[in-house]
Every structure is written in structure tokens, then in C-alpha cells.
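Student: Return a 3D structure for these sequence lines:
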Amino acid sequence: MGAQRCRGGDGAQRDLRSVPHADLRGRVRGNLNDMLVDDEGRCYIGGVGHSTGDEGDFGPTSLLVVQPDGEVHETIGDLNFPNGIVKPDAGSLLVAETYAGTVRELQLDDRGVPVSSSVWAHWGPEIDYFDIERAHAVLDVEPDGLSLGRDGTVWVADANGHGIARVTKGGAAEEFVDTDNLSVFAALAVGQRLYLCCSPQNGTVDWSKLRSSELRVADIS
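Tutor: Numbers count the residues shown, from 1 in each chain. So this is what the prediction gives:
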């Protein structure tokens, strides 16, 4: 159990404590990665598909759904490095598959559990294998963080590029925010601002020694 000391509105110090909500050990291949929590308190969690520091055991992995009561569903077991997740509506979910060059659309049942999937957008050659180095060498876009845009579009971060694009279903870009010599790994549109977590291009640095990341913001009004 962990505790974080903070101060309340009256200036008094108080403890905030966390307790286990769901046991996810052994549920996905490798380590856990991105998570989305919807308005009902349902959690959608992906895994990177390989062990820390060892991409040699990289392979397909699942999307976990954790219900508000802690019940866990293991779904869609063939994801290729699931990354950013957004929920456009109650019946669907979009998941970035970084090393497939794909954003996949998942159809949800009435409990919010994925029951089928299809390609929402794809860039570059078809990837029918699980090999990070090989995919990195040929992909045009490595979709990472996602954020909902207007009129059914989605902001798609590119871990191997120099910005983020607002795209329609199918992958056509309507707007592009340039981030100079940095790539975008996570993004969130709030009102008329788009917040971007930026770091050097994927595969160009030793992440354990990285000291050159930035939080950027773009006016999207």
C-alpha cells in the first residue's frame, strides 16, 4: 500500500492511499503499457508484448478490460504493441498498434468488452509479423498516443516522426502539428489546446539516459 502526503483546502496535511483494484499478473505478454478509464470507471489496458530490456521475446498481446468491480476480461489477443487508446462512443474503442502501423477499431458489447475488431486506419506496408526492428525499418508511421478530435477525427502521434496529425477514418490527414526534431508519444486535446509529450525519435536514443523530452502545446482553435 502506498501513500502520498498532500494538503487539503484548509491547509491540513492528509494521506491519500491506494489499494489493489485488480490482479493483472500473467494476463498479458510482457509489461503493461497505456490505459484508458471511461466515464463508467471501466479500465482498458494494453501491454507492450515483451519483457523489459528484451525485445527478443516480442509477440502478440491482449487488451485487458477491468470492470468497476474489478472483474478482468482478457480480449483481442493478437495486438501488435497496443499503445494509445480512445473511446469515441459507448460502442467502440480505438487502439494504436505501433508496430503494425495501424489504428484498430474495436466493437464493444453492452458491458464495454470488445467482441470484434477492424482496421480504422493504416499507414505503410502490411505488417503480418511481430518483429520490432523489422517493422521499425519499413513503417511510414508508428502510431502511439491518441486523442479525440472534432467531427469523428483522431489525433494520432507518430513515435517515428516529427509531429502529430488529425486524421479521418482511413488515415487521411486533415491537420498536422510539427514538433521540429522531436516525436510525439502522448497527446491530449483539451478545448482549443493540444498538449503533446515529445521526445527524440523512436530508436535513436538510450531511453534510460534520456534528458531531452518536452511538454509542448499547440493552439487548435
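Student: quick one: pLDDT of the residue nearest the centre of the chain?
Tutor: Residue closest to the mean C-alpha point of the chain, counted by CA atoms, centre = their mean, is G84 at 1.5 Å. Per-residue confidence (pLDDT) for G84: 97.
Student: so which helix or strand takes in it?
Tutor: strand 82-89 (DSSP states H and E).
Student: On the C-terminal side of that strand, identify the next helix or strand.
Tutor: strand 92-97.
Student: Tell me which other helices or strands that next one touches.
Tutor: strand 82-89, strand 102-108, strand 143-148, strand 154-158 (3 or more CB pairs under 8 Å, 6 or more residues apart in numbering; DSSP states H and E). (C-beta placed from N, C-alpha, C; glycine too.)
Student: coming back round to it: could you check how far the residue nearest to the centre of the chain is from G145?
Tutor: 4 Å (CB to CB, to the nearest Å).
Student: Tell me the residues that contact both of these two, please.
Tutor: Contact criterion CB atoms under 8 Å, 6 or more residues apart in numbering; residues shared by G84 and G145: 34, 96, 157, 186-187.
Student: Would you tell me which one of the helices and strands packed on strand 92-97 is buried the most?
Tutor: strand 154-158 (a mean of 27; mean count of other CB atoms under 10 Å).
Student: just to revisit the earlier point, can you add distance to A135 and give the helices and strands packed on strand 92-97 back as CSV?
Tutor: Output for the helices and strands packed on strand 92-97, formatted as CSV (distance: least, CB to CB, whole Å):
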stretch, distance to A135
strand 82-89, 13
strand 102-108, 11
strand 143-148, 12
strand 154-158, 14
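Student: which stretch among those comes nearest E71?
Tutor: strand 102-108 (15.2 Å; CB to CB).
Student: which helices and strands does the helix or strand just after that closest one pack with?
Tutor: Toward the C-terminus, strand 102-108 is succeeded by strand 114-122 as the next helix or strand (DSSP H and E). If contacts are counted by 3+ CB pairs under 8 Å, 6+ apart, strand 114-122 sits against strand 72-79, strand 102-108.
Student: now the angle between strand 154-158 and strand 114-122, please.
Tutor: Going by axes from the mean of the first three to the mean of the last three CA atoms, to 10 degrees, strand 114-122 is angled at 70 degrees with respect to strand 154-158.
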